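Enquirer: Sequence plus predicted model, see below.
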Amino acid sequence: MLNDNDCFVKFYASWCPHSQAIKKDFEDLAKFFNDLNIGVKIMQLEAPKNDIPGIEVMSYPTLYLFRAGEKTNILEYDGANAVDPWTVFLARYSPIYKKYLEEHPDKKPEILL
């Protein structure tokens, strides 16, 4: 999946109130990108159950962007936890979404206008 898609991953803990607070917004973001069907995947992994070597999760939620084909250049998201800031982050750092927006300027979300 990482070879062909940009993946924005939320590492969470089911017991964490901060993780629970953004659950609906993160699901809305996932639906938006799923409907676009352009190769940007929005995923959630329960961190305590899915330890990934080389990925440090010190607090919950922690969000990372894994860009297609890049195994080492992983970007940690450190902004506000809401749909609009996540969309801006992806428009800036996801090559797949950035290219899509360049090719479809009429499809830019309002936050990017």
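Expert: That came through, no problem. Bear in mind that the values here come from a model prediction, so they are computed numbers and not experimental data.
Enquirer: CA atoms only: put stretch 28-38 into PDB for me.
Expert: What follows is stretch 28-38, C-alpha atoms only, in PDB (Å, rounded to 0.1, in the frame of the first residue of the first chain):
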ATOM      1  CA  ASP A  28     -15.000  12.500   7.800                       C
ATOM      2  CA  LEU A  29     -11.500  13.100   6.400                       C
ATOM      3  CA  ALA A  30     -11.200   9.400   5.400                       C
ATOM      4  CA  LYS A  31     -14.600   9.500   3.700                       C
ATOM      5  CA  PHE A  32     -13.600  12.600   1.700                       C
ATOM      6  CA  PHE A  33     -10.400  11.000   0.400                       C
ATOM      7  CA  ASN A  34     -12.100   7.700  -0.100                       C
ATOM      8  CA  ASP A  35     -14.700   9.400  -2.300                       C
ATOM      9  CA  LEU A  36     -11.900  11.200  -4.300                       C
ATOM     10  CA  ASN A  37     -10.300   7.800  -4.900                       C
ATOM     11  CA  ILE A  38      -6.900   9.400  -5.900                       C
END
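Enquirer: Now do that stretch: everything it contacts.
Expert: The contact list for stretch 28-38, computed with C-beta atoms under 8 Å, 6 or more residues apart in numbering, reads 8, 40-44, 83, 86-87, 96-97, 100. From N, CA and C alone the C-beta is placed, and that goes for glycine too.
Enquirer: Show me the two of those residues that sit farthest apart.
Expert: With C-beta to C-beta as the measure, no two of the contacts of stretch 28-38 lie farther apart than 44 and 100, at 22.3 Å.
Enquirer: a markdown table please, covering the contacts of stretch 28-38 and showing distance to residue 64.
Expert: Output for those, formatted as a markdown table (distance: C-beta to C-beta, whole Å):
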| residue | distance to residue 64 |
| --- | --- |
| 8 | 8 |
| 40 | 14 |
| 41 | 12 |
| 42 | 12 |
| 43 | 10 |
| 44 | 12 |
| 83 | 17 |
| 86 | 12 |
| 87 | 16 |
| 96 | 16 |
| 97 | 15 |
| 100 | 20 |
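Enquirer: Please go through this structure and pick out the longest helix.
Expert: helix 23-36 (DSSP state H).
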